[in-house]
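Colleague: sequence first, then the predicted structure, then my questions.
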Amino acid sequence: MRILPRSLWYLIHVTLAQVSAQESLTLNTLYSFSGASLSSDPTFSLPQAQRLTVSVAICSTGTTSPAFFVNNNTASTSTTDDFEIPLHSGFGNWTGTTQQGGLLVVQSVGQTSFQVAASTGALVHELIPVLPFLGDTTNTQALIFSPPISPIESSPSAYPNYTLPPANLSAPAPPSSPPSFSLVIAPTSSNLASGMQTACRINSTSSAGLVVSNDLWLRDNRGWRSQWLVDDLTASTNYTAYVIQDQVKLSGPIYFTTKSLTFPCPLVHSLPFCPSTSYAVPLPFPLSPASSYDSSNLPQSISDPLLQYMTNFTTMLLTFACGRDLYSPLQTCESCQEAYRAWLCSVSFPRCAEPPTSSFSPSSPTPALTPLQSGSNARNLFLPNVSFSYQTVLPCLEVCSAADRACPNFLGIKCPTPRFNAASSYGVGFIDEGEQGVLGGGSTGVSQDRWGNVWCNPA
């Protein structure tokens, strides 16, 4: 940690005895500054607080690298009250007490532009640890989700009036004042991820593609997400994506590659009965002006049988005394229905995919791809015949295993075993290692990663 030279702090104290600091920072206010309009080594007054958090973010850099120092006791000339704010990828913060007031001094500001905020609560600037989520891509489109907000907490009903959600789910009311989210996409060749990783710096980048739709969507109980359908991307191109919350919090980056120019499958998303379905499916392209399928234009010949399966399953499940009798110390009828829905949707909507490109790492496992096929789909005969050839990535075996574990035995849910024929209909060994009854230890540990690799379809 660098300590501001004592002589400089002494000069600051003498100066403050005659004039006030250049500007006083008020609580919970975002300030943006440009070095070109500031004096050399600008000084800012900090508010008095029992516990104060100061966060800074570099928005653009000049020829010099600025340094930020906090003095948390203006009544003292001791250097033990002086602290440097360490910067990591352009972002830094300091938390401490300023009961006697404090100062923020910026050295070597040059032409750098930066943001500063002081708060008594959570950080104003923040690197969100949860990444955005990639639904899928086509040759020109991408479906991307923000990190979740406002987790859903359900209260199970009680016997004898135990009820389960209907087959065609109706989402609860979205949050009344959700955060403001924005999406930034850039070709990976632009090296956006190699510079300062701050919201203000990323937000100054011109985003690739055209946002066709942006709304809140409840994929699962982890919470609401902002959902973007982006078009006008370039085929067979690597992209980098970030999500920015309230202009100051940054999530990402994630990476993805658009499919080849001849990729034939359209995206399917925003289905209340299959809320996690957000990927390309082997269907004819929708009628113009639609460029993807959602609940408004998905043919009833596809949705009606699926809804009937879900209704019949729920009816059978409720023959068990849900809410009174326990078939598991860990599972409930509600978790059983959720797991069955995830399995039903993953097998009812096959996920189109392409073989890995030549740049695919040889040390990475090969996705669970089916051979080329066309015409009717053997897994869902209610999907219409298609004239093009396509490949799909198989559902993860863990989707079936989750339903098996979550549901009572009398429902008869059984999954193929990894030792014998599971790999013919499911992706095996990616999340779990593939041994019967063993959780974890798979070759990837996940169904997909931040780099855009998808090894099996999770839902």
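Modeller: Looks like it arrived, so ask away.

Colleague: Ser40 contacts Val105, doesn't it?
Modeller: No - between Ser40 and Val105 no contact is recorded; they are 11.0 Å apart, counting by Cβ atoms under 8 Å. Backbone N, C-alpha and C define where each C-beta goes, glycine included.

Colleague: looking at those two, which is more packed in?
Modeller: Set Ser40 next to Val105 and count neighbours by other Cβ atoms under 10 Å: Val105 wins out with 21 against 10.

Colleague: SS state for the more buried one?
Modeller: Following DSSP: H, G, I helix; E, B strand; the rest coil, we place Val105 in the strand state.

Colleague: quick one: the helix or strand hosting Tyr239 to chain centroid distance?
Modeller: Element membership for Tyr239 (DSSP states H and E) is strand 238-245. Distance, stretch centre to chain centre, for strand 238-245: 10 Å (Cα atoms, centre = their mean, to the nearest Å).

Colleague: give me the sheet partners of it and which way each runs.
Modeller: strand 181-187 (antiparallel), strand 249-257 (antiparallel) (DSSP bridges).

Colleague: deepest of the ones you listed, which one?
Modeller: Comparing the strands paired with strand 238-245 by mean neighbour count (mean count of other Cβ atoms under 10 Å), strand 249-257 comes out on top with a mean of 22.

Colleague: so how far is it off the chain centroid?
Modeller: Relative to its parent chain, strand 249-257 has a centroid offset of 8 Å by Cα atoms, centre = their mean.

Colleague: do the same with stretch 42-52
Modeller: Chain-centre distance of stretch 42-52: 34 Å, with Cα atoms, centre = their mean.

Colleague: for that stretch, what is the average pLDDT?
Modeller: If you average the pLDDT over stretch 42-52, you get 92.

Colleague: buried residues in that stretch?
Modeller: Using 16 or more other Cβ atoms under 10 Å as the test for burial, stretch 42-52 gives 42-47, 49, 52.

Colleague: again, but for stretch 184-201
Modeller: Within stretch 184-201, the residues that count as buried by 16+ other Cβ under 10 Å are 184-186, 188, 192-193, 195-201.

Colleague: would you turn those into JSON lines with pLDDT and distance to Ser335?
Modeller: Output for the buried residues of stretch 184-201, formatted as JSON lines (pLDDT from 0 to 100; distance: Cβ to Cβ, whole Å):
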{"residue": "Val184", "pLDDT": "98", "distance to Ser335": "37"}
{"residue": "Ile185", "pLDDT": "98", "distance to Ser335": "36"}
{"residue": "Ala186", "pLDDT": "97", "distance to Ser335": "40"}
{"residue": "Thr188", "pLDDT": "96", "distance to Ser335": "39"}
{"residue": "Leu192", "pLDDT": "94", "distance to Ser335": "40"}
{"residue": "Ala193", "pLDDT": "93", "distance to Ser335": "38"}
{"residue": "Gly195", "pLDDT": "87", "distance to Ser335": "44"}
{"residue": "Met196", "pLDDT": "92", "distance to Ser335": "43"}
{"residue": "Gln197", "pLDDT": "95", "distance to Ser335": "38"}
{"residue": "Thr198", "pLDDT": "96", "distance to Ser335": "40"}
{"residue": "Ala199", "pLDDT": "96", "distance to Ser335": "37"}
{"residue": "Cys200", "pLDDT": "96", "distance to Ser335": "42"}
{"residue": "Arg201", "pLDDT": "95", "distance to Ser335": "43"}
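
Colleague: okay, and which of these map to helices?
Modeller: 199-201 (DSSP state H).

Colleague: which one among the residues you listed gets closest to Gly441?
Modeller: Nearest to Gly441 among those, counting by Cβ to Cβ, is Ala199 at 36.9 Å.

Colleague: in the stretch 301-450 of the chain, which spans are strands?
Modeller: Taking DSSP state E, counting those that start in this stretch as the test, the strands found in the stretch 301-450 of the chain are 351-353, 373-375, 386-393.

Colleague: center of the protein - which residue?
Modeller: Geometric centre of the chain, nearest residue: Pro132, 2.2 Å, by Cα atoms, centre = their mean.

Colleague: what's near enough to touch that one?
Modeller: Pro132 makes contacts with 144-147, 183, 241-243, 251-252, 254, as judged by Cβ atoms under 8 Å, 6 or more residues apart in numbering.

Colleague: neighbours of the closest residue to Ala402 other than its chain neighbours, how many?
Modeller: Once flanking residues are discounted, Ala402 sits nearest to Ala339: 4.6 Å by Cβ to Cβ, 6 or more residues apart in numbering. Ala339 has 22 neighbouring residues, counting by other Cβ under 10 Å.

Colleague: quick one: contacts for Ala339?
Modeller: Counting by Cβ under 8 Å, 6+ apart, Ala339 touches 402-403, 405-407.

Colleague: span of stretch 153-163 from start to end?
Modeller: Between the opening and closing residues of stretch 153-163 lies a distance of 16 Å (Cα to Cα, to the nearest Å).

Colleague: go through it and flag the buried ones.
Modeller: Neighbour counts over stretch 153-163 (16+ other Cβ under 10 Å) mark Tyr162 as buried.

Colleague: now that stretch, how far from the centre of its chain.
Modeller: With Cα atoms, centre = their mean, you get 30 Å for stretch 153-163.

Colleague: quick one: average pLDDT of that stretch?
Modeller: Stretch 153-163 comes out at a mean pLDDT of 80.

Colleague: now the buried residues of stretch 42-52 in a markdown table, with distance to Gln308?
Modeller: Below are those laid out as a markdown table (distance: Cβ to Cβ, whole Å):
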| residue | distance to Gln308 |
| --- | --- |
| Pro42 | 68 |
| Thr43 | 70 |
| Phe44 | 65 |
| Ser45 | 67 |
| Leu46 | 64 |
| Pro47 | 62 |
| Ala49 | 60 |
| Leu52 | 59 |
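
Colleague: which of those sit farthest apart?
Modeller: Of all pairs in those, the most separated under Cβ to Cβ is Pro42 and Ala49 at 21.2 Å.
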